[in-house]
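Asks: Need a 3D model of the sequence below.
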Amino acid sequence: MGLKVSEVAKRAGVSTDAIRYYEGLGLLPEADRTASGYRQFDPEAVKRIHFIKDAQSLGLKLTEIGELLKIQDDGACPCGHTRTLVQRRLEQVNRELEVLGGLKAELERLAALECYSPAGSSVWPCEIELKRGGDLDGRG
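Replies: Presented below is the predicted three-dimensional model:
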């Protein structure tokens, strides 16, 4: 016997809208319908949703996750493609860490500023430094 969309949602820890969305994207096989039109999902849908959520938590996109599921649905092992996607994601994370490292250094520099206002000045030294820091990334 199949599971109603609400039962799948509860077991998988997602909303019913998410399940419908995944089904619409083809990440979940189209559910059978009862005579009254209710979706009836195979219990395996819960495991599949857990896989989808786990892959998303690593930063994989739904299209990439769909590729992996299709390979598996076709009866092949998706490990090679998984490795490619994970390596690509790792490269993205490393680039993001480089940017964040620069941001961290700039924030630490600004946090260490001694902020005083020279007599008669309408500009604060920290304002000047914030603007100078903004110039480093082309926005200031």
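
Asks: avg pLDDT for the helix or strand harbouring residue 109?
Replies: When secondary structure is defined by DSSP states H and E, residue 109 falls within helix 79-111. If you average the pLDDT over helix 79-111, you get 93.

Asks: Contact partners for residue 8?
Replies: Residues in contact with residue 8 (Cβ atoms under 8 Å, 6 or more residues apart in numbering) are 19, 41, 45, 46, 49. Bear in mind the C-beta positions are built from the backbone N, C-alpha and C, glycine included.

Asks: Checking residue 65 next. Helix, strand or coil?
Replies: Under DSSP: H, G, I helix; E, B strand; the rest coil, residue 65 falls in the helix class.

Asks: Tell me the spacing between it and residue 18.
Replies: Applying Cβ to Cβ, to the nearest Å, one obtains 13 Å for the distance of residue 65 from residue 18.

Asks: Need the distance between the two termini of stretch 37-48.
Replies: 23 Å (Cα to Cα, to the nearest Å).

Asks: Tabulate the contacts of residue 8 in TSV, adding columns for secondary structure and pLDDT.
Replies: Output for the contacts of residue 8, formatted as TSV (DSSP: H, G, I helix; E, B strand; the rest coil; pLDDT from 0 to 100):
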residue	secondary structure	pLDDT
19	helix	95
41	strand	95
45	helix	96
46	helix	97
49	helix	97
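
Asks: tell me which of the residues you listed is nearest to residue 2?
Replies: Of all the contacts of residue 8, residue 2 sits closest to residue 41, with 5.5 Å by Cβ to Cβ.

Asks: What's opposite that closest one in the beta bridge?
Replies: residue 3 (DSSP bridges).

Asks: So it is in contact with residue 6, correct?
Replies: No. Taking Cβ atoms under 8 Å as the definition, residue 41 is not a contact partner of residue 6, at 10.4 Å.

Asks: if you count what's nearby, which of those two comes out ahead?
Replies: More crowded of residue 41 and residue 6, by other Cβ atoms under 10 Å: residue 41, with 25 against 13.

Asks: re earlier: have a look at residue 65 and residue 18 and say which one is more surrounded.
Replies: Using other Cβ under 10 Å as the criterion, residue 65 and residue 18 rank with residue 65 on top: 22 against 18.
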